[in-house]
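Engineer: Could you work out the structure for the sequence below:
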Amino acid sequence: MTGSSTTGKGGFRIMPFDDAHFDEIVSDCPEATFYHTRCWARILLDTFPQLEDRSIIFSIDDCEYALPAFSWKRLGGLLKTTHSSFPFLYGAPLPLNDLSLAAALGYLKEESQSLVVVGNPFAASRPETDQSAQLVNTEEATHLLALPDTTEAFWNDVLTSRKRNDIRRLTKKGVRVERSTNESDVTAFYDLYLKRKLTWSQAPGLIYPRRLYDVMIAHGGDAVRLYMVRFEDRVIGGTFVCQFNGISHYQAGYYDHDAGRLRPNVLAQNQIIQDAIEEGNRIYDMLPSAGIPSVVKFKESFGASEVTFDRWEQMGRLHRFQKWVRGQIRR
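Structural biologist: Okay, the predicted model is just below:
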C-alpha cells in the first residue's frame, strides 16, 4: 500500500506508506502487539480475499502513528465494515492516546459505513471518545499472566500443587506436547476446530477458513507457533500461539472432548508458558473469554489476571436495516 501525504483537520496528516516504515513505528512502541504488525496484515490479506487493506501511517504535531485497518465487504460491496485489525483482535492506533484515537476514528468513519475499533490492553492509557461521535463504547477483558523470570519460579510459585500433580501424572502416562509445522498437523488442528464448533450453543460470527492456519505457518516465521498434543500417536489437541514484543498471545486452541480426562489443554498451556519464559517473554496473553465462566476460571488457574480494554463501534444505516430484517425473519 502506497500513498502521498494528505493533510486534514487539526493537523492530521496521512503520510506516505510502506511496510518497513509501518513496522518501524510498531517496533519502537512498547504497547505494540503482533496484531499491529504487517506480518499479521499479510496473513489476513492472503487468507480473506474480501478484505481491503486500509492501514495508514499518520502524523499529528510531527508525531507519527501507525493504524492497522481492514475493510470487510459483503453483499457485493453494499455493506462495508472497517476494522482496526481483524478478526476481532487488538488494533487501535500506536501509540494510543486521546489525539490518535480521535484521528483514527475520524479517518475510519470517512472510509466506511460501519466501523469496529478494538482497543489494546497494553496501552499506557485508556483514552475517551467525544460523546458527539455517536459511537458505542463497550468494555472487553483479556487475561494476562506476568511471566516470572524462570520456569522454576512458574512451576513452584504460580502453578498449584494440583496442577503440578496433573502435569506429572499425564506426562508419565504418555501425553506429550510437541511443536510442529507439518501440514498433517494443521489438518488435525482444523478438524478439531470443526468438531468443537458443532458443540457451541451459538453460531460464531465468523467461521475461520482452513487457509488462515496454513498461511500463519507459511508467513508467520518465528512469530507463529503450533503446539500439538498427542497420546498414543493420536492428536488430542492443538494450539496456535503468536509472539511479538515480549508478549506471547494464545491465538486459538481446540481439544478432543473425548480425551478430556487426559487434560490436553492443561499440558499445552504449561508448555507454552514454559517456552515463553525460556525465550525471555514478559507476558502471556490468554485473549478474551467471551464471558464464559469456565474459561475464565481455567485461565485464572494458571495465574492470569483480568485486564479490561475498550471497543468502539458504529453501525451504518444499511447494517442496522439488515439487522432489523434478520430479527423480523427469526420471529
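
Engineer: center of the chain - which residue?
Structural biologist: In the chain, the centroid-proximal residue (CA atoms, centre = their mean) is L89; its distance is 3.6 Å.

Engineer: For it, which non-adjacent residue is spatially closest?
Structural biologist: Counting by CB to CB, 6 or more residues apart in numbering, L89 lies nearest to Y35, which is 4.4 Å off, once chain neighbours are set aside. For every residue, glycine as well, the C-beta is placed using N, CA and C.

Engineer: Verify the contact between that neighbour and G91 for me.
Structural biologist: Yes - using CB atoms under 8 Å, Y35 is in contact with G91, at 6.7 Å.

Engineer: the strands in the stretch 101-250 of the chain, which residues?
Structural biologist: 114-118, 136-146, 176-179, 224-231, 234-244, 247-255 (DSSP state E, counting those that start in this stretch).

Engineer: Output those strands in a markdown table; the columns should cover mean neighbour count and mean pLDDT.
Structural biologist: Formatted as a markdown table, the strands of the stretch 101-250 of the chain follow (neighbours: other CB atoms under 10 Å; pLDDT from 0 to 100):
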| stretch | mean neighbour count | mean pLDDT |
| --- | --- | --- |
| strand 114-118 | 23 | 89 |
| strand 136-146 | 16 | 93 |
| strand 176-179 | 15 | 96 |
| strand 224-231 | 22 | 97 |
| strand 234-244 | 22 | 96 |
| strand 247-255 | 21 | 95 |
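
Engineer: want to throw the ones you listed into JSON lines with distance to R263?
Structural biologist: Shown next, in JSON lines, are those (distance: least, CB to CB, whole Å):
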{"stretch": "strand 114-118", "distance to R263": "31"}
{"stretch": "strand 136-146", "distance to R263": "18"}
{"stretch": "strand 176-179", "distance to R263": "11"}
{"stretch": "strand 224-231", "distance to R263": "9"}
{"stretch": "strand 234-244", "distance to R263": "9"}
{"stretch": "strand 247-255", "distance to R263": "9"}
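
Engineer: Next, the nearest residue to F231 once chain neighbours are set aside: phi, psi?
Structural biologist: Spatial nearest neighbour of F231, chain neighbours left out: V175 (4.9 Å); criterion: CB to CB, 6+ apart. Dihedral pair for V175: phi -80, psi 130, per degrees, to the nearest 10.

Engineer: count of neighbours near E110?
Structural biologist: As a burial measure, E110 scores 10 neighbours (other CB atoms under 10 Å).

Engineer: so who does it touch?
Structural biologist: The contact partners of E110, by CB atoms under 8 Å, 6 or more residues apart in numbering, come to none.

Engineer: That one and F12: what is the separation?
Structural biologist: As defined by CB to CB, to the nearest Å, E110 lies at a distance of 11 Å from F12.

Engineer: How about S27?
Structural biologist: 23 Å.

Engineer: out of these two, which sits in the busier spot?
Structural biologist: When neighbours are counted by other CB under 10 Å, F12 comes out ahead of the other of S27 and F12, with 20 against 13.

Engineer: so A41 makes contact with S55?
Structural biologist: Yes - the criterion here is CB under 8 Å, and A41 meets it with S55 at 6.3 Å.

Engineer: Could you list the low-pLDDT ranges of the chain?
Structural biologist: Scanning the chain for pLDDT under 70 picks out 1-10, 75-78, 130-133, 315-331.

Engineer: For the residue nearest to the centre of the chain, give me its contacts.
Structural biologist: By CB under 8 Å, 6+ apart, the residues touching L89 are Y35, V118, L287.

Engineer: Which one of the residues you listed is nearest to Y193?
Structural biologist: The shortest approach to Y193 among the contacts of L89 belongs to L287, at 15.3 Å (CB to CB).

Engineer: element containing the closest one, please.
Structural biologist: For L287, there is no enclosing helix or strand under DSSP states H and E.

Engineer: My read is that it contacts S248, right?
Structural biologist: No - using CB under 8 Å, L287 is not in contact with S248, being 10.9 Å away.

Engineer: so what sits against both of the two?
Structural biologist: Counting by CB under 8 Å, 6+ apart, nothing touches both L287 and S248.

Engineer: got a list of what L51 touches?
Structural biologist: L51 neighbours (CB under 8 Å, 6+ apart): L44, L45, F70, S71, W72, F86.

Engineer: gap between L108 and E24?
Structural biologist: 23 Å.

Engineer: let me fix that: K173
Structural biologist: 48 Å.

Engineer: Same question for F17.
Structural biologist: F17 is 12 Å from E24, by CB to CB.

Engineer: With neighbour numbers in mind, choose between these two.
Structural biologist: F17 (17 against 14).
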